[in-house]
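Peer 1: Starting from these lines, generate the structure:
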Amino acid sequence: MDFDLIHVLGERAAEYYEGKNEVCARIGYFNCGINLNTETPTAEKIRDAMEKVRTNTVYKTAVTNLSKALHAENSNEKCISYILELLDKKAAEPQVR
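Peer 2: Down below sits the predicted model:
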């Protein structure tokens with residue numbers, strides 16, 4: 001999914017593993033693609049979803065906006081910042097023995 005969004009491609013999502021339905025629901029909710037609402041989509045459903053994502057500007061706009069937001073963030077720096085913050089908090093806690 002991340003590759004598609006970074007490269008401004010719409011999503012087609014089908015649930016395959018437990019918990020993926022949450023990801024699929026978010027993709028549909030934010031108009032970044034189509035939630036196929038099944039673990040076993042037919043070739044026709046996939047083809048129809050691909051065509052809809054390709055031709056409907058709502059998906060292109062949402063994915064473009066999300067892609068810009070992903071490019072604007074430096075995820076490595078943000079992760080390092082959060083890790084250092086957690087380590088500082090941990091170091092400040094009194095040690096119980």
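Peer 1: Which positions in stretch 54-61 come out as buried?
Peer 2: 59, 60 (16 or more other Cβ atoms under 10 Å). For every residue, glycine as well, the C-beta is placed using N, CA and C.
Peer 1: mean confidence for it?
Peer 2: Averaged across stretch 54-61, pLDDT comes to 90.
Peer 1: Show me which helix runs longest in this protein.
Peer 2: In terms of residue count, the longest helix belonging to the chain (DSSP state H) is helix 75-92.
Peer 1: In the protein, where is pLDDT below threshold?
Peer 2: The chain contains residues with pLDDT under 70 at 1-20.
Peer 1: what's the distance between the longest helix of the chain and the middle of its chain?
Peer 2: 23 Å (Cα atoms, centre = their mean, to the nearest Å).
Peer 1: just stretch 28-44 next, same as before
Peer 2: Centroid separation between stretch 28-44 and its chain, computed with Cα atoms, centre = their mean, is 14 Å.
Peer 1: got the buried residues for it?
Peer 2: Here stretch 28-44 shows 28, 31, 32, 33, 34, 35, 36, 41 as buried, counting by 16+ other Cβ under 10 Å.
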